[in-house]
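[1] coordinates only, sequence not included:
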């Protein structure tokens, strides 16, 4: 039961510094953090104080609006700091590991979906389930029409899941089976077309206990691997629909939880980019400190991919949903007559620079320079080339800017997340912060409870 | 370079000069692509910016501009290559200068008053305006037209990106209606001497056809562009080189270019089929459809005017409709309305007005589809 979906609109961004297929065990990192800011729209209620001793899976804070949703520690140890920002907003809860290897075990699984829900909520794995629209943590009372898992990523420098998931295929499969209990609809899994016959192919071959998992193969350029693109092509979200999504490695964590009873939030992350000394993979626990991964001076370090990740400090922590840390040079330099020069070293989607005529296989050293100033939206018909949705991106962005809720709904705002607009933002001639505009519009919709 | 960098950094207007911020920003970003870095969202950005996009259009216009200069001289002198070119160059230079100076002064003033950045749009508009008027246009008229186009055609709506009509065509339309004797007829297209505004008699193919005659120039002459006409619109070859640049770089929409050409050709074919015996316009009805591409400003309009991203339809389906209708109306106006020998300008301006409506309908279809899903 599988089909091939072809994405034609999009753009692969060829950044230099792809992670070498080599995993370093970094389970001995001492500092970890859970960041409330990783979770869209969350108002945290702190449950611990600095100095408290905690175990794996103990709650650090919970959602003020739904105290069942608990955000838990990935390690045992001690709460080292609660970092606050403006208006005493909680930014990070930092935990120092005590180095002892211990796990928390959970039992009581049955065929009952309520039991599964309760255990996931208790150990904190529930927070890895996100809902669309809005991108918030899934509401346990909702009945999603489907759950989507993307088994590949097309983002720049993204980890190769074919490699990362080696040895965890059983758990992944078990996790998928567990997910089927959470919805009356289907659990869709999307594989990359290139992995046909690869390691991921075996997952489809594994015997299924009592469920049918529709699998899809997606081919084409980025954003083919984005969950939003896949949902839009398989089962688009209409007003009132709720769809849940989970990252592939978290599905494996869920699989381990249901089959062994152990909550073990380990994942393999890629550390990549032109400003990483040795781009490679690391095995870490969720929320690990990224200090020792060998970044060069004057780097922009990003938890996630360069298109939609979050900026973090060089001693910061990897984000809850991320399995990639990218580092690129900061671009704070002037470029003499940059708009007039031939531009052999500048990557552009348009072919207005000589670089556009160089071979496609080249990899580029991108930096954070904006390559121009902000201007009003002048060029049109451009976003459409990298936006593989049945949505008019220019019109939707404009509706978001003016905040017209009815128009946004009509134009399909529920089908998108800011990351779906990342490529539009990348190629935008006017240098508009499109993802911020979309996030703001979604938050407005969410708060008005439409 | 470092010294210039420092000079700019040290001379940023402050205190009582801070009102000059927009002007400073314009010159600074002209000299250096700024060192601003991304803050949120996408951490990397495409190298293209509005300046680059606009300069690409100007580069695409240069073949037509160079040919136009040569042709101005050729029409007046019929002399050697460099003599022709030099004559045309001297004729064009003041027009370009007036267009840029008047336009940029207004642009800077508006930007300064509004504390906006100076927008690059005028780089193209200022280049386009002298290319689409007769060579004998008096400079003062050109200056008024430029001022009208920039203020009424663009700035009152909020500047580049907010206007609904192509400013360069607004300038031409202003001249056309305010000073009709200088914009049509048979003695405005060829300059008499190096400086004056007097013209020599020389009819454009469009005027000949409107008068019921066959064009005196051959199709090849019209294709190459050695015919009287607005300064830089005559050479289809030069325009096609520009079109190639715009399409390869991805700056202009191929959908619009192609659909304008299809629309014009279709309408030409329709006129060919109509019974025209003894009608005064019978010659015009009977010319081969591709003559419409070669005469007047059809190709120039299709490649450089209709594709203006701000004033064109913005949806892909909308672009097809918009382009087809431009082509159809341009040929229709030419053939059956002798009062306007050139239909392209009015046709594009008309469709500029309808572009938002076309988009509205296309988007409404998408909305309906989503609701039914």
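    Yes, it's here. Predicted model only: the values in this text are computed from it and were never measured.

[2] Now do the closest residue to residue A:55 other than its chain neighbours against chain B, distance only.
    Excluding its sequence neighbours, the residue lying closest to residue A:55 (C-beta to C-beta, 6 or more residues apart in numbering or on different chains) is residue A:76, at 4.6 Å. Using the backbone N, CA and C atoms, a C-beta is placed for each residue, glycine as well. Separation of residue A:76 from chain B (C-beta to the nearest C-beta, to the nearest Å) stands at 34 Å.

[3] Kindly report the same for residue A:393.
    From residue A:393 to chain B the distance is 10 Å (C-beta to the nearest C-beta).

[4] Give the burial count for that residue, as a bare number.
    Residues lying near residue A:393 (other C-beta atoms under 10 Å in any protein chain shown) number 23.

[5] again, but for the one 10 residues further on
    Residues contacting residue A:403 under the criterion other C-beta under 10 Å number 12.

[6] what do you get for the one 4 residues further on?
    Using other C-beta under 10 Å as the criterion, residue A:407 is surrounded by 17 other residues.

[7] what's the burial count for the residue nearest to residue A:55?
    20.

[8] Spit out the contact partners of it.
    Neighbour list for residue A:76: A:54-56, A:97-98, A:100, A:102 [criterion: C-beta atoms under 8 Å, 6 or more residues apart in numbering or on different chains].

[9] now swap in residue B:134 and tell me
    Residue B:134 sits next to B:182-183, B:188-189, B:199, B:230-231 when contact means C-beta under 8 Å, 6+ apart.

[10] Check which residues of stretch B:62-74 are buried.
    Residues of stretch B:62-74 classed as buried by neighbour count (16 or more other C-beta atoms under 10 Å in any protein chain shown): B:63-74.

[11] In CSV: the residues you listed, plus distance to chain A.
    Rendered in CSV, the data for those read as follows (distance: C-beta to the nearest C-beta, whole Å):
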residue, distance to chain A
B:63, 17
B:64, 19
B:65, 17
B:66, 19
B:67, 23
B:68, 23
B:69, 22
B:70, 25
B:71, 28
B:72, 27
B:73, 29
B:74, 31
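
[12] So the nearest residue to residue B:293 once chain neighbours are set aside: helix, strand or coil?
    With C-beta to C-beta, 6+ apart as the criterion, residue B:293 has its nearest non-adjacent residue at 5.7 Å, and that residue is residue B:299. Secondary structure state of residue B:299, per DSSP: H, G, I helix; E, B strand; the rest coil, is helix.

[13] just checking, residue B:299 touches residue B:241?
    No - in this structure, residue B:299 is not within contact of residue B:241 by C-beta atoms under 8 Å, at 11.4 Å.

[14] can you give me the helices for the stretch 351-450 of chain A?
    A:393-402, A:405-411, A:422-427, A:434-448 (DSSP state H, counting those that start in this stretch).

[15] Of those, which stretch is the most buried?
    helix A:422-427 (a mean of 26; mean count of other C-beta atoms under 10 Å in any protein chain shown).

[16] if you look at it, does any of it touch chain B?
    Yes - shown here: helix A:422-427 in contact with chain B (C-beta under 8 Å from any C-beta of the partner chain) through A:422, A:425-427.

[17] Pull the distance from that helix to the chain's centre.
    Centroid separation for helix A:422-427 versus its chain: 17 Å, with C-alpha atoms, centre = their mean, to the nearest Å.

[18] The nearest residue to residue B:158 once chain neighbours are set aside: what's it in contact with?
    The shortest distance from residue B:158 to any non-neighbouring residue, by C-beta to C-beta, 6+ apart, is to residue A:376 (7.8 Å). Contacts here follow C-beta under 8 Å, 6+ apart; on that basis residue A:376 touches A:430, B:119, B:158-162.

[19] and what of residue B:41?
    If you count contacts by C-beta under 8 Å, 6+ apart, residue B:41 has them with A:308, A:418, A:422, A:425, A:433-436.

[20] was I right about residue A:326 contacting residue A:307?
    No - with contact defined as C-beta under 8 Å, residue A:326 does not reach residue A:307; the gap is 9.5 Å.

[21] Check which helices and strands whichever helix or strand residue B:89 is part of is in contact with.
    Residue B:89 belongs to helix B:81-114 when elements are defined using DSSP states H and E. Counting contacts by 3 or more C-beta pairs under 8 Å, 6 or more residues apart in numbering or on different chains; DSSP states H and E, helix B:81-114 packs against helix B:21-31, helix B:50-77, helix B:121-131, helix B:139-151.

[22] for the record, mean pLDDT for it?
    Averaged over helix B:81-114, pLDDT sits at 92.

[23] same check, this time on stretch A:12-30
    Stretch A:12-30 carries an average pLDDT of 90.

[24] Can you measure across it, start residue to end residue?
    Separation of the first and last residues of stretch A:12-30 by C-alpha to C-alpha, to the nearest Å is 36 Å.

[25] can I get the contacts of residue B:41 in JSON lines with pLDDT?
    As requested, the contacts of residue B:41 are exported to JSON lines (pLDDT from 0 to 100):
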{"residue": "A:308", "pLDDT": "92"}
{"residue": "A:418", "pLDDT": "93"}
{"residue": "A:422", "pLDDT": "94"}
{"residue": "A:425", "pLDDT": "93"}
{"residue": "A:433", "pLDDT": "91"}
{"residue": "A:434", "pLDDT": "93"}
{"residue": "A:435", "pLDDT": "94"}
{"residue": "A:436", "pLDDT": "93"}
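
[26] what does stretch B:245-260 contact?
    With contacts defined as C-beta under 8 Å, 6+ apart, stretch B:245-260 is touched by A:349-352, A:356, A:379, A:381, B:53, B:56-57, B:59-60, B:243, B:301-303, B:306-307, B:309, B:312-313, B:316, B:319-324, B:326-327, B:330.

[27] Now the buried members of those residues.
    Those of the contacts of stretch B:245-260 that meet the buried threshold are A:349-352, A:356, A:379, A:381, B:53, B:56-57, B:59-60, B:243, B:301-303, B:306-307, B:309, B:312-313, B:319-324, B:326-327, B:330, by 16+ other C-beta under 10 Å.

[28] Could you verify my assumption that residue B:214 touches residue B:284?
    No - at 9.7 Å, residue B:214 does not count as touching residue B:284 under the criterion of C-beta under 8 Å.

[29] quick one, which of those two is more surrounded?
    Neighbour comparison, residue B:214 and residue B:284: the larger count goes to residue B:284, with 25 against 13 (by other C-beta under 10 Å).
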